[in-house]
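> Here is my input, please return the structure:
(one chain, ligands or ions: 1)
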Amino acid sequence: TLMRIDLLFIHQLKCGLKEKYKCVFEGIAKQGDSTLLNNIYTDLYITQGCSEQVNTEHEVRQIEVTSKHHNSQEIKVECKKMFEAPEQDKEIRTVLTKGVAGIGKSVSVQKFVLDWAEGKENQDISFIFPLPLREMNLKEKETQSLMNLITQCFTETKGLNLTRRNNFKVLFILDGLDECRLPLNFDGNETWSDVSSPVSLDVLLTNLIKGNLLPSALIWITTRPAAASKIPPDCIDRVTEIRGFNDAQKEEYFRKRLKDENLAKEIIDHVKQSKSLFIMCHIPVFCWISATSGDASKTLQESNTEDTPKTLTQMYTHFLRFQIQQSRRKYDGEYRPDVSWDKDAILSLGKLAFHQLDISNVIFYESDLEACGIDVYKASVYSGMCTQIFKEETGIILGTMYCFVHLSIQEFIAALYAHLFIDINLKKTGNKNEAMIDFLKTAVDKALESDNGHLDLFLRFLLGLSLQSNRLLLRGLLTQEDGNDQSKKEIVQYIKQKLEANLSPERSINLFYCLNELNDQTLVKEIQTHFNKGSFSSSDLSPAQWSALVFVLLTSEEEMEEFELQKFKKSDECLIRLSALCHYLLAHMLSQPCINFFLVLNTKEDILKNQVYVRCNLIYFPCRLNDCGLTDRSCSALTTVLGSDTNLKELNMNNNNLQDSGVKLICTGLENIRSTSSCCSFHDFAYVLVTVWRLLVMYQGSDSFCSRSIFSLCNCSITEEECLILTSALKSNPSHLRELNLSRNKLGDSGVKNLSDLLMNPQCKLEKLKLLETKLFANNDIFLWAGPIWWQKMPGLV
Ligand SMILES: Nc1ncnc2c1ncn2[C@@H]1O[C@H](COP(=O)(O)OP(=O)(O)OP(=O)(O)O)[C@@H](O)[C@H]1O
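Residues are numbered from 1 along each chain as shown. Just a heads-up that it's a prediction; the model follows:
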């Protein structure tokens, strides 16, 4: 029961948060032109579990790690139900939500808080304290108590007493773990459970997350994927991942954002003209940029196909032009088709963006601005000039701060600055081309060195802006080149060379995006030619070509209803690559009906017999990989795909050289499927013709075995001894097994005897037992049955 004073605190906190969270901060709030969150908020596609656990690692290693933690089934999570456990008896205290830049983590947090503050959702929670980690950085050096921290950040709660005794449900939201500069020393920090004595912020936060401090408090942490590993996995009860908008949600967003139905329709059509742009729009921030720059081309009457941005650089360039034109219009009251750039202002802003990006900083203070020649008194002019680019924010702790409206905008402005800088400095020196090439190469190297890809987007913009066709849109700002594309050729070559090295999927995909920004499709075309000719089996694909394959699948302009990868070379290498590819695709494609991705892998001539179907959402998997020359090397890769698939109907691994170690790995993958409580499709796992199953029975008891109705262990070199284990497992467990095929094994006399005993047992539901070509007498090798004989359940059968 809450006391009246507590109710008052709750009321005050809700009022404060409502005020703070009701508008979206897209930089325009200050100008009194604000957008209400509830007017534009569009549901996002959020799932439980995580597709990539550690994305800084090499892909094969990644697969291993993922398979261990894999939570096989894709469970959709509603934002408002972030703390609602799917199983009723389980309580969720800590949630970690991952998602790439601009996918909507902060907006989700905002919506959650607003709904609570408006009394709509999660009313069982008494207090929500959102603590943006970027702001917490500033308290790094201070010591204070948790209570103090709360009352400082939420002055409405001054006087509130949160002790361990009272049983308020409290939620702390730590938004933006990737921006946190605190060490978060979970191992080294002392244990702290006192809410009212002062200690360093790092100790406070780590103990809060661990549950030492206010053990009943709920914790919600959001982060970009690369930083997720900062939190020890055992502190997290649930991992969710924001996957962005699916196609329907993209359209819904445009309708909400633009209000005018006709304009929305026009812009949706406009975005759809470029498939890669449309795909990019699964990230909300790109939707927002498209809505704004699309709006621009509409207003400027230039929305012909030519002008549809096809690359990210073009999209952001349109956006920037529009912003500048908008602000000019404010002053002049009219549109001008040509943009008049304030070069000095852009240089200063660019310098800030560039230098701060280099040190991964996204929040700036007066001193940072001054260091770049920005007069703080004029900073509001900047934010006024580019209302949706740069913004001034009053933080909860340290007063006025500045930041770009979104990191991607900082990245774009930083790249623009780099070009401006080169333009200015190279004017003086002679060989501009060479210097430019060197500069771009160094940027490629530097971006590849980064573990978490923090320069990926910057690099894309940087390369994009080196193209003359793009510079044309920025005339008056960037110097116009003479159409000599030597530098483009060289840098494309350089990137291709890099792609031949074994890069992680993330890095190589980014390099493809870079090639795309550079308008170079040669590698991608090569791959398409391979497809069309079906010539994969004869040629070993190079690492670059494999990455190209993924890229083609991700961004293909054509609707690939069905996509056949026929006649691949039978090898571990091929399977590992393909599994990584499937896994990557599954992780990066949203469940949307329009992407009907269908991968068919044929390992034998006969299409019907040998195929792996992977469907994006509705993954259907008769997976026949028999006779594929596979060894245990393939197994970890395979387990990942098995783990991500819940509709696996059939797995055939016969006649491979998997060894015990490989079998164990596959068992782990299958175990993952089984462990998902809601996953009953595993029971449809009808036929399993795998040598591994005999070992599965031994390693994991008989549960999984017994849950199937038809089971085939034909030609699995099952020995007499194993047959005994099998029969006793069947005897001691209530079994659903109806049919068992044990043909072509060396079961021996006692094995067969045991099986017939089993059939006689009234508990046993087994109706058919197939013992084709069974070597009954192990020593004499006598073939007792020549043809397929089904033993019906008959009393007296010996
Ligand atoms: N659910 C949503 N509905 C409408 N717009 C959204 C939604 N989610 C995100 N956006 C738009 O995308 C922008 C970026 O979203 P947000 O700041 O939440 O990304 P983020 O995942 O926190 O990114 P970062 O890791 O860079 O901080 C928002 O400013 C908003 O314009």
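
> quick one: pLDDT of the closest residue to Ser743 other than its chain neighbours?
Sequence neighbours aside, Leu772 is the residue nearest to Ser743 in space, at 3.4 Å (criterion: Cβ to Cβ, 6 or more residues apart in numbering). All C-beta spots, glycine's among them, are computed from the backbone N, C-alpha and C. Here the pLDDT value assigned to Leu772 is 71.

> hang on, Leu772 in a helix?
No. Using DSSP: H, G, I helix; E, B strand; the rest coil, the secondary structure at Leu772 is coil, not a helix.

> So it is in contact with Arg744, correct?
Yes. In this structure, Leu772 is within contact of Arg744 by Cβ atoms under 8 Å, at 6.4 Å.

> Identify the residues contacting Leu465.
Applying Cβ atoms under 8 Å, 6 or more residues apart in numbering, we find Leu465 in contact with 313, 317, 415-416, 419, 471, 474, 478.

> for Glu118, same thing?
Glu118 is in contact with 14, 18, counting by Cβ under 8 Å, 6+ apart.

> count of residues packed around the residue of the stretch 101-250 of the chain found nearest the ligand?
Nearest residue of the stretch 101-250 of the chain to the ligand: Gly104, at 2.8 Å (Cβ to the nearest ligand atom). The local packing of Gly104 (other Cβ atoms under 10 Å) involves 28 other residues.

> for Glu252, same thing?
Glu252, neighbours per other Cβ under 10 Å, totals 15.

> Could you do Asn38 as well?
Count around Asn38 with other Cβ under 10 Å applied: 15.

> and the gap between it and the ligand?
From Asn38 across to the ligand, the span is 10 Å (Cβ to the nearest ligand atom, to the nearest Å).

> Assign that residue to helix, strand or coil.
Criterion first, three-state DSSP; result for Asn38: helix.

> Ile219 too?
Ile219 ends up strand, using three-state DSSP.

> need the contact list for the residue lying closest to it once chain neighbours are set aside.
Closest residue to Ile219 apart from its sequence neighbours, by Cβ to Cβ, 6+ apart: Thr94 at 4.5 Å. Listed by Cβ under 8 Å, 6+ apart, the contact partners of Thr94 are 209, 211, 218-221, 235-238.

> For Thr94, report the pLDDT, please.
Reported pLDDT for Thr94: 95.

> can I assume Asp202 is in contact with Pro183?
Yes. Using Cβ under 8 Å, Asp202 makes contact with Pro183 at a distance of 5.8 Å.

> which element is Arg460 on?
Secondary structure assignment for Arg460, by DSSP states H and E: helix 456-464.

> what does the stretch 251-400 of the chain have sitting close to the ligand?
Counting by Cβ under 6 Å from any ligand atom, the positions of the stretch 251-400 of the chain adjacent to the ligand are 253, 284-285, 288.

> swap in the stretch 551-700 of the chain?
Residues of the stretch 551-700 of the chain lying near the ligand (Cβ under 6 Å from any ligand atom): none found.

> Report the residue spans of the stretch 551-700 of the chain with pLDDT below the cut-off.
Low-confidence segments of the stretch 551-700 of the chain (pLDDT under 70): 553-628, 637, 640-655, 660, 664, 667-700.

> and the residue of the stretch 301-450 of the chain found nearest the ligand, what does it touch?
Closest contact between the stretch 301-450 of the chain and the ligand, by Cβ to the nearest ligand atom, is at Leu407 (4.5 Å). By Cβ under 8 Å, 6+ apart, the residues touching Leu407 are 101-102, 362, 457.
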